[in-house]
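Undergrad: Coordinates only, no sequence provided:
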């Protein structure tokens, strides 16, 4: 295991954000956490107190009172790390916090490394690796949906699914291993028909998890949503209407927006990174040409395209030409007919026939008409019915890669069943599938993997 894991010392760090605040929470974890805290705490004897109790007292350094604090006691194994843990709630002065941490270090504690508390929780069996990563995702969650997905993974929903899959595979792997012990007698303990059905069922579940990554990653990082169209189509006005604030400069002069403007819009708990772009046309100067090039680059990187056009001036043929130029495989597109308040009876011409993948929505950005319907359409395009109930979503690229490798190994197992191969080769492919599934939850780990994962955590967690 990693050198970090071999240490049995007591660590200390600030668990709340750096900076001045009302309070700061300093966390100690390790075999001597309660003893070290008690050595500088004037109040009750912390070493004799029950777990999950809070005590008022002073932190004292050589008879000098540093602060009045509350000390929370968590006795092993009933703590986040399954070690003795003490959390000191003190006043939020950076001087006080630094002084108390230095005092704990002087009394035998060591400054914690990034993620070391959660690493200890993983090593001590409090969390599996996917749950530990969910802790970091929960801390970084910036929307309701990302918080819900991280919380579901932290509670073990994702882990329990993988555990069930792995246990079923282990059963067959053990039977095939048994066959190897009786190879000279040419017997089969593992029913190939049952094994094939199991692998097919597991492959379907793995495939579903892999497909969920697109939405899971969008929830975690936000959905890149580009607003594009010709000059004066009302793109900036639409951005302002969606945000309900005057974020972008609006002018009747074509080409006002020459660089991209990015803002975040939260719809039903999901963040959409709205990117207002320069109008698409033949550039009249170098700066505008750069803006148009940036627009095309942003479209190529987007997860959703909002194509905006002036319903009053653009013909159906021109709209179709624009969409054909911007559309690329796999990119969802909403065609937004703007300025419909200026049309007779506010209706669109019947000849706006668009590709099946493109939905047409009529709005008036200036008058803020049908903006609510547009927001719902944007949300529906991103979620596509997947965000319902307790659906498991993959949000971690490491998990995605492991699932893809598991799927490849299972494909080889199916091939080996359909084209009978020796039991030892079949067992090898099953073992590889088990290995990659185990990498996700931490049943299979390496020092480099653990160091890479936990080094991305904040200190104090």
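TA: Noted; the coordinates are in hand. None of the values given here were measured: they were computed from a predicted structure.
Undergrad: pretty sure residue 198 contacts residue 170?
TA: No. Residue 198 is not in contact with residue 170 according to C-beta atoms under 8 Å; the separation is 11.2 Å. From N, CA and C alone the C-beta is placed, and that goes for glycine too.
Undergrad: Between those two, which has more neighbouring residues?
TA: residue 198 (18 against 14; other C-beta atoms under 10 Å).
Undergrad: ok, so what distance separates the residue nearest to that one when sequence neighbours are not counted from residue 56?
TA: Spatial nearest neighbour of residue 198, excluding adjacent residues (C-beta to C-beta, 6 or more residues apart in numbering): residue 168 at 5.8 Å. Per C-beta to C-beta, to the nearest Å, residue 168 is found 53 Å from residue 56.
Undergrad: Now residue 59: which helix or strand?
TA: Assigned by DSSP states H and E, residue 59 belongs to strand 53-61.
Undergrad: I'd like to know the average pLDDT value across that strand.
TA: For strand 53-61, mean pLDDT rounds to 97.
Undergrad: Quick one: residues in contact with it.
TA: Strand 53-61 is contacted from outside by 40-44, 46, 49, 65-73, 88, 90, 99-100, 103, using C-beta atoms under 8 Å, 6 or more residues apart in numbering.
Undergrad: for stretch 41-49, same thing?
TA: Here stretch 41-49 makes contact (C-beta under 8 Å, 6+ apart) with 34-35, 37-38, 55-60, 65, 69, 71, 73, 86.
Undergrad: So which of those wins on neighbours?
TA: Ranking the contacts of stretch 41-49 using other C-beta under 10 Å puts residue 37 first, with 30 neighbours.
Undergrad: For the lengthiest helix in the chain, name the packing helices and strands.
TA: Longest helix of the chain, by residue count under DSSP state H: helix 157-181. Contact here means 3 or more C-beta pairs under 8 Å, 6 or more residues apart in numbering; DSSP states H and E; on that basis helix 157-181 packs against helix 129-140, helix 192-211, helix 423-441.
Undergrad: Can you name the residues in contact with that helix?
TA: Helix 157-181 is contacted from outside by 128, 130-131, 134, 152-153, 187-190, 194-195, 198, 202, 205-206, 209, 390, 392, 394, 423-424, 426-427, 430-431, 433-434, 437-438, 440-441, 443, using C-beta under 8 Å, 6+ apart.
Undergrad: What segments of the protein are strands?
TA: For the chain, the strands defined by DSSP state E cover 11-14, 21-29, 41-42, 53-61, 64-74, 85-92, 110-111, 223-229, 261-267, 270-276, 304-310, 333-338, 358-362.
Undergrad: Could I get those in CSV, plus columns for distance to residue 214?
TA: Shown next, in CSV, are these (distance: least, C-beta to C-beta, whole Å):
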stretch, distance to residue 214
strand 11-14, 36
strand 21-29, 37
strand 41-42, 51
strand 53-61, 45
strand 64-74, 40
strand 85-92, 39
strand 110-111, 40
strand 223-229, 10
strand 261-267, 17
strand 270-276, 13
strand 304-310, 11
strand 333-338, 16
strand 358-362, 19
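Undergrad: Just tell me which of those strands ends up closest to residue 379.
TA: strand 261-267 (4.6 Å; C-beta to C-beta).
Undergrad: which other helices and strands contact that closest one?
TA: Right, strand 261-267 is packed against helix 235-243, strand 270-276, helix 371-383 by 3+ C-beta pairs under 8 Å, 6+ apart.
Undergrad: tell me the mean pLDDT over the first one?
TA: What that stands for is helix 235-243. The predicted model assigns helix 235-243 a mean pLDDT of 89.
Undergrad: Same question for the second one.
TA: Predicted confidence along strand 270-276 averages 87 (mean pLDDT).
Undergrad: Point out where the stretch 251-400 of the chain drops to low pLDDT.
TA: 251-260, 280-293, 295, 345-353, 356, 384-391 (pLDDT under 70).
Undergrad: Tabulate the helices and strands packed on strand 261-267 in a markdown table, adding columns for distance to residue 28.
TA: Below are these laid out as a markdown table (distance: least, C-beta to C-beta, whole Å):
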| stretch | distance to residue 28 |
| --- | --- |
| helix 235-243 | 45 |
| strand 270-276 | 36 |
| helix 371-383 | 43 |
